[in-house]
Every structure is written in C-alpha cells, then in structure tokens.
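Enquirer: 3D model of this:
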Amino acid sequence: MNVHIDSGLCQGHGRCYTLAPALFEEDDEGYGHVVGDGAVPPGEERAARLAASNCPERAIGLDEETGRGDVT
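Expert: Reported below is the predicted structural model:
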C-alpha cells in the first residue's frame, strides 16, 4: 500500500499527521506531507486508512496492492 497527498486539496487541518505520525508529517507551512516515499510499512495500513477517511478534503489517496497474482 502507498499513500499520497494531493497538495492542491490539502487545507492543513493536520488530521493525517495526528492520526498516522509514522506516515505523515507537517511541512513548514502546516500542511500534511508524506514521510519517505509513501510506502506504508506493515502494521500501519489501518492508520493509513484512518487518516484518509478523516481528511475533510479527501486529499489523501491510497494505492492498495493486493499482492495476489492472477491464477488461472
């Protein structure tokens, strides 16, 4: 799973870095910023979903990889 923030939508409420401090941090202007490359470490998936669902502007996107290959 990967997370990203649409900087055009973010209004700086800070819910992302309050709810998921391992995934998000505050930039110099108070807006949310993804830590690292956006890869969600094992065990932080719930925090990523919580941050995304609590963003008032829906600025947080999740790219979920299922890890399942096509089996025929």
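Enquirer: now for the nearest residue in space to Tyr31 that is not next to it in sequence: which residues touch it?
Expert: Spatial nearest neighbour of Tyr31, excluding adjacent residues (C-beta to C-beta, 6 or more residues apart in numbering): Gly12 at 4.6 Å. No exception for glycine: its C-beta is placed from N, CA and C like everyone else's. Contact analysis of Gly12 by C-beta atoms under 8 Å, 6 or more residues apart in numbering lists Glu29, Gly30, Tyr31, Gly32.
Enquirer: and these, which is closest to Met1?
Expert: Closest approach between the contacts of Gly12 and Met1, by C-beta to C-beta: Gly32, at 17.1 Å.
Enquirer: and which of the contacts of Gly12 is nearest to Cys16?
Expert: Within the contacts of Gly12, the smallest distance to Cys16 is 4.3 Å, found for Gly32 (C-beta to C-beta).
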